[in-house]
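Student: predicted model, plus sequence, below.
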Amino acid sequence: MMKALNDNAHPLESLLQQHCPNGVEFKPLGEVIERVRRKVKNLNNVNVYSVSNSQGLILSTDFRDRKLYSEDISNYTLIQKGEFAYNPARLNIGSIAFLTDEVGAVSPMYVVFKIDEKSLNQKFLFYFLKSPTTLRKIVSLTETGARFRFDFKRWEKFPIPLPPLEIQSKIVEILDTFTELEAELEAELEARLKQYHYYRNKLLSHDELENRTAKSRNDSDPTPIVPYVRLGEVCEKVFAGGDLPKEYSKDKKPSGEFLYPIYSNGSDENSLYGFSKTYRIDAEAVTISARGTIGFHTTREAKFTPTVRLITLIPNLNKITNRFLNYALYTTHIEKYGTSAGIPQLTIPMLEKITIPLPPLSVQEEIVELLDKFDTLTNDLTSGIPAEIEARKKQYEYYRERLLSFIAKD
């Protein structure tokens with residue numbers, strides 16, 4: 001029977017006891033699915049789909065924003081509602097989905113099959129095949145040293161639990177609730193991000209900065225209300241990253257003697273390369289990716305090491321705060337400054353000439369306080385909507401693993 005989820009009896013526990021008290025029947029998946037080989041031939045106005053491991057079956061015209069199929073699709077496989085398609089060379093990363101539209105076409109590179117609906121619920125099979133435990137099992141069936149490919153015949157030796165359809169439907173209902181909640185949170189986050197970007201642009205606009213500055217200063221001051229200055233004028237140092245330290249760890253958390261972060265030119269969490277025993281920068285700073293994720297910038301706390309392709313700005317704190325410097329860079333569209341010849345990249349002379357607005361420190365702190373609140377709500381994984389999304393993902397993953405775990409029938 002299925003493992004208990006907690007100390008309180010789960011609704012599925014009683015269903016399992018009622019329908020399969022001695023365990024769940026397992027069968028080779030190949031016994032309850034059938035390969036589909038029908039061709040499009042002369043059918044007109046058939047949508048062509050591609051299989052995405054994250055978005056399922058999507059229109060090929062929407063896949064990577066470009067057309068990926070031939071003008072002649074007569075040899076493509078005709079797929080109907082509820083039938084599955086997968087990429088045999090990418091099944092190991094979850095490239096499988098079923099069609100929710102009435103009819104479509106997929107490239108001959110995909111394998112299409114239909115299920116025995118008397119034994120299987122489509123969504124149940126989908127959740128089962130996309131689970132990490134199943135994907136690891138799929139990988140394990142590949143010959144050692146061979147390039148991954150999961151042909152249809154392999155399903156003949158692939159066991160799958162077949163609890164009664166009532167139980168499969170209940171599992172789908174529970175997992176759907178989690179995925180729908182996550183989708184709602186993602187939509188809310190997207191709306192908040194749009195609101196945040198609008199608000200950030202407004203607060204950093206010339207008129208807004210001048211209005212706030214005028215209220216904070218003596219009207220007899222002869223200097224421009226909000227001057228625009230070059231980065232080189234407000235930074236104590238601007239320099240490129242260097243080689244990796246001699247001793248470092250690629251772990252994503254500090255441990256033992258490796259306490260100081262190493263940052264690369266990746267974006268967000270991908271920028272953390274590892275940790276070292278030493279550090280190169282002993283001041284709060286802003287880093288900017290000079291290659292690859294060109295223009296990505298963020299604040300860094302003191303005591304870190306930047307690698308090559310990462311430029312570090314150390315602000316003159318008598319003129320500009322570190323966080324305002326980072327926010328002000330959003331007004332520059334810095335990613336457009338990359339050199340056009342060859343591989344796009346930013347250079348130090350190029351960055352030093354970029355101009356940003358420079359209101360008084362009191363106005364900078366006021367702007368930063370307002371923007372930090374929005375930034376936390378939309379980007380902080382420890383609080384706000386991102387933290388709630390992360391919590392829901394973990395909850396979903398926990399329940400998916402437990403709901404899809406069965407003891408085989410004797």
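Tutor: Structure's in. What do you need? Model, not experiment: these values are computed from the prediction.
Student: residues contacting residue 322?
Tutor: Contacts for residue 322 (C-beta atoms under 8 Å, 6 or more residues apart in numbering) come out as 284-286, 299, 315. C-beta here means a position set from N, CA and C on the backbone, and glycine is covered the same way.
Student: quick one: which of the residues you listed is nearest to residue 133?
Tutor: Checking the contacts of residue 322 against residue 133 by C-beta to C-beta gives residue 299 as the nearest, at 39.4 Å.
Student: verify the contact between residue 24 and residue 404 for me.
Tutor: No: under the contact definition of C-beta atoms under 8 Å, residue 24 does not touch residue 404, with a separation of 10.7 Å.
Student: tell me, what's touching those two both at once?
Tutor: With C-beta under 8 Å, 6+ apart, residue 24 and residue 404 have common neighbours residue 161.
Student: could you find the closest non-adjacent residue to residue 109?
Tutor: residue 87 (6.7 Å; C-beta to C-beta, 6 or more residues apart in numbering).
Student: next up, identify which helix or strand residue 393 is on.
Tutor: For residue 393, the host element (DSSP states H and E) is helix 384-403.
Student: and residue 214, how far from residue 225?
Tutor: As judged by C-beta to C-beta, to the nearest Å, residue 214 and residue 225 stand 6 Å apart.
Student: what of residue 247?
Tutor: Following C-beta to C-beta, the distance that separates residue 247 from residue 225 is 51 Å.
Student: which one of the two is surrounded by more residues?
Tutor: The neighbour count for residue 247 versus residue 225, taken as other C-beta atoms under 10 Å, is higher for residue 225 (16 against 10).
Student: which ones are touching that one?
Tutor: With C-beta under 8 Å, 6+ apart, residue 225 has these contacts: 210, 213-214, 217.
Student: and it, which of the three is it?
Tutor: coil (DSSP: H, G, I helix; E, B strand; the rest coil).
Student: quick one, phi psi at residue 97?
Tutor: phi -160, psi 170 (degrees, to the nearest 10).
Student: now it: closest residue in space, sequence neighbours ignored.
Tutor: Using C-beta to C-beta, 6+ apart, the closest residue to residue 97 is residue 56 (3.6 Å).
Student: would you quantify the distance from that neighbour to residue 124?
Tutor: Plainly put, residue 56 is 16 Å away from residue 124 if you go by C-beta to C-beta.
Student: and whichever strand or helix holds residue 212, what's buried?
Tutor: Taking DSSP H and E as the criterion, residue 212 maps to helix 206-216. The neighbour-count check on helix 206-216 (16 or more other C-beta atoms under 10 Å) flags 208-210, 212-213 as buried.
Student: export those to a markdown table and append columns for pLDDT and distance to residue 373.
Tutor: Converted to a markdown table, these look like this (pLDDT from 0 to 100; distance: C-beta to C-beta, whole Å):
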| residue | pLDDT | distance to residue 373 |
| --- | --- | --- |
| 208 | 95 | 17 |
| 209 | 95 | 18 |
| 210 | 93 | 23 |
| 212 | 93 | 17 |
| 213 | 92 | 21 |
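Student: looking at these, which one is closest to residue 379?
Tutor: Within these, proximity to residue 379 (C-beta to C-beta) peaks at residue 208, which comes in at 21.8 Å.
Student: these two touch, right, the closest one and residue 200?
Tutor: No: contact criterion C-beta under 8 Å: residue 208 and residue 200 do not qualify, at 10.6 Å.
Student: follow-up on the earlier one: how far is the helix holding residue 212 from where the chain is centred?
Tutor: 38 Å (C-alpha atoms, centre = their mean, to the nearest Å).
Student: got the contact list for it?
Tutor: Against helix 206-216 from outside (C-beta under 8 Å, 6+ apart): 202-203, 225-226, 357, 359-360, 362-363, 366-367.
Student: same question for stretch 90-101.
Tutor: In contact with stretch 90-101 (C-beta under 8 Å, 6+ apart) are residues 47, 49, 51-54, 56-57, 79-87, 122, 126, 129-130, 135, 138-139, 142, 148, 150.
Student: show the buried residues in these.
Tutor: 49, 51-53, 56-57, 79, 83-87, 122, 126, 129-130, 135, 138, 150.
Student: on that earlier part again, now the contacts of residue 225 in a markdown table, with distance to residue 351?
Tutor: Putting those into a markdown table (distance: C-beta to C-beta, whole Å) gives the following:
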| residue | distance to residue 351 |
| --- | --- |
| 210 | 25 |
| 213 | 25 |
| 214 | 30 |
| 217 | 29 |
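Student: now do the nearest residue to residue 158 once chain neighbours are set aside: how many residues are near it, please.
Tutor: Using C-beta to C-beta, 6+ apart and skipping the chain neighbours, the partner closest in space to residue 158 is residue 29 (4.7 Å). A count of nearby residues for residue 29, using other C-beta under 10 Å, gives 21.
Student: hmm, back to that, show the buried residues in the contacts of residue 322.
Tutor: Judged by 16+ other C-beta under 10 Å, buried ones among those: 284-286, 299, 315.
Student: would you mind giving the domain segments of the protein?
Tutor: 26-162, 164-218+360-409, 227-358 (the TED database).
Student: returning to what we had before: check the residue nearest to residue 97 and give its pLDDT.
Tutor: pLDDT, residue 56: 86.
Student: and it, what are its phi and psi?
Tutor: When quoted as degrees, to the nearest 10, the phi and psi of residue 56 stand at phi 80, psi -150.
Student: beta-bridge partners for it, please?
Tutor: With DSSP bridges as the criterion, residue 56 is bridged to residue 52.
Student: could you check how far it is from residue 270?
Tutor: Distance, residue 56 to residue 270, by C-beta to C-beta: 25 Å.
Student: equivalent analysis for residue 138, please.
Tutor: 27 Å.
Student: now residue 287
Tutor: 13 Å.
Student: likewise for residue 352?
Tutor: For residue 352, the distance to residue 270 equals 27 Å [C-beta to C-beta].
Student: comparing the two, which shows the higher neighbour count?
Tutor: residue 352 (14 against 11).
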